[in-house]
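Student: from the sequence below, what's the structure:
(chains A and B)
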Amino acid sequence: MTADLLIVAFALAIVLYGLFKRVNCFEAFVSGVREGTATVVNMFSYLLAFVLLVSLLENCGIVRDVVKLFGSRGFSPLVLVQVLFRPFSAASSYALMLEVYRNEGPDSFSSLLSTFIHGISDASVFIIVFYCGAAGIKKYNKALLYGLLLNLIGFLLAFLFTWLLA
Amino acid sequence: MGKVWAALVAFCIIYGLLHGRAEAMLAGLLEVPNRTLGTLLQIGGLIVFYNGLLEIAVKSGLVEKLAKRSAFLIGKIFPKLPEKSPAREHIAVALVANLLGLGAAGTPSAIKALKALKEGSEGLTSEMLKFLLLNVACFTVFPATVLSIRKAFFAEMNLVLLPFFVLGSFLLSLLALLFSHGGGHDR
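Tutor: Just a heads-up that it's a prediction; the model follows:
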């Protein structure tokens, strides 16, 4: 509720400020949308490459086998799958988080862990590859290394926070 | 990165073949375009909408105002950035979007900022590295999407999580600054 309210208020504040400054809000909005559309279209090829990888990971059976190995360690094996995908895709991490909520209830240990894994750090590999690709930067291996390290520390913090809360 | 992607793809295919999962893999592959498009439409709608709003904020001078207010901070974080660089404003927009938990909305600005930072340099400079890593750490004061989805699942622990989000992403942002200090090669 509060979150929804805040987001709507955010939109309202921007439009009101635009009106106050006598900006043609409609024209500005449309030109912003046009620019955003270009970004989205540009995203398609990168996204497809990642969805392909996720699909293969799911369907080759490795995920199920890993789940079998770690199945009974006190938290949902889906969280491990989420850890694997978090650096690559925010969308799949989000989808997995919802799956954990559905299976274990939103206030369970697994769900809290999953929430922090999703929320504390962002998809390092996706951000770095996609941003650098769009900006025409070719060499970014060092950024990838540090980005993954940030993700890893984010996961450790997530575990620590969940342990403190639960 | 290209190598990692190809290696993972090859590994999966071999693993799947060895475990007799060729059929499932093919079925999955056929669904890839559909899934991609679905995800793209999902995030795309948000990006497009917030980008429209942000353009109003840019045209009305609101963003410039915010950027000026935070100029001191951005100057501190990116000391090598020239006073007049257009990157300043884009960086401000991208980081403000992160702050509100609207990371996707900041994407176009983040790319523009990166392009502006790239001006006149080959390869990855420490300023570019710093900006990328700050985006990964995504310092948040209000994780809008996560909190609203928890509400939808009738979660009882909501605002209790907030300080942990802020603390966690703040610590990661500090680490991002630390990592990029002396990382990358300048000139």
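Student: and what about A:L113, helix, strand or coil?
Tutor: On the three-state scheme (DSSP: H, G, I helix; E, B strand; the rest coil), A:L113 is labelled helix.
Student: tell me, how many neighbours does the residue nearest to it when sequence neighbours are not counted end up with?
Tutor: Spatial nearest neighbour of A:L113, excluding adjacent residues (C-beta to C-beta, 6 or more residues apart in numbering or on different chains): A:T162 at 4.4 Å. Every C-beta, even on glycine, is put in place using the N, C-alpha and C of the backbone. For A:T162, the neighbour count with other C-beta atoms under 10 Å in any protein chain shown is 23.
Student: so A:T162 sits against A:L112, correct?
Tutor: Yes - at 4.6 Å, A:T162 counts as touching A:L112 under the criterion of C-beta atoms under 8 Å.
Student: follow-up on the earlier one: buried residues in the one helix or strand the residue nearest to A:L113 maps to?
Tutor: Element membership for A:T162, per DSSP states H and E: helix A:141-165. When burial is assessed from 16 or more other C-beta atoms under 10 Å in any protein chain shown, helix A:141-165 yields the following buried residues: A:142-144, A:146-147, A:149-151, A:153-155, A:157-158, A:161-162.
Student: likewise stretch A:93-106?
Tutor: So stretch A:93-106, judged by 16+ other C-beta under 10 Å, has buried residues A:S93, A:Y94, A:L96, A:M97, A:L98, A:E99, A:V100, A:Y101, A:E104, A:P106.
Student: how about stretch A:41-50?
Tutor: Those buried within stretch A:41-50 under the rule 16+ other C-beta under 10 Å are A:N42, A:M43, A:L47, A:L48, A:A49, A:F50.
Student: and B:A57, what is it in contact with?
Tutor: Going by C-beta atoms under 8 Å, 6 or more residues apart in numbering or on different chains, B:A57 touches A:I14, A:Y17, A:G18, B:V63.
Student: what packs against the strand or helix carrying the third one?
Tutor: Meaning A:G18. Element membership for A:G18 (DSSP H and E) is helix A:2-20. Secondary structure elements in contact with helix A:2-20, counted by 3 or more C-beta pairs under 8 Å, 6 or more residues apart in numbering or on different chains; DSSP states H and E, are helix A:25-59, helix B:22-59, helix B:62-69, helix B:144-152.
Student: elements contacting the first one?
Tutor: The helices and strands touching helix A:25-59, judged by 3+ C-beta pairs under 8 Å, 6+ apart, are helix A:2-20, helix A:77-85, helix A:124-135, helix B:2-18, helix B:22-59, helix B:107-118.
Student: what do you get if the cut-off is 10 Å, keeping everything else the same?
Tutor: Packing contacts for helix A:25-59, counted by 3 or more C-beta pairs under 10 Å, 6 or more residues apart in numbering or on different chains; DSSP states H and E, involve helix A:2-20, helix A:62-70, helix A:77-85, helix A:90-104, helix A:124-135, helix B:2-18, helix B:22-59, helix B:107-118.
Student: could you give the number of residues near the residue nearest to B:P108 when sequence neighbours are not counted?
Tutor: Excluding its sequence neighbours, the residue lying closest to B:P108 (C-beta to C-beta, 6+ apart) is A:T39, at 4.9 Å. Around A:T39 there are 20 other residues, counting by other C-beta under 10 Å.
Student: what pLDDT does the model give A:T39?
Tutor: On the pLDDT scale, A:T39 is placed at 75.
Student: so it sits right up against B:Y50, yeah?
Tutor: No - contact criterion C-beta atoms under 10 Å: A:T39 and B:Y50 do not qualify, at 11.2 Å.
Student: how many neighbours does the closest residue to chain A within chain B have?
Tutor: Nearest to chain A in chain B, going by C-beta to the nearest C-beta, is B:E55, at a distance of 2.6 Å. Using other C-beta under 10 Å, B:E55 is surrounded by 26 other residues.
Student: do B:A152 as well
Tutor: 10.
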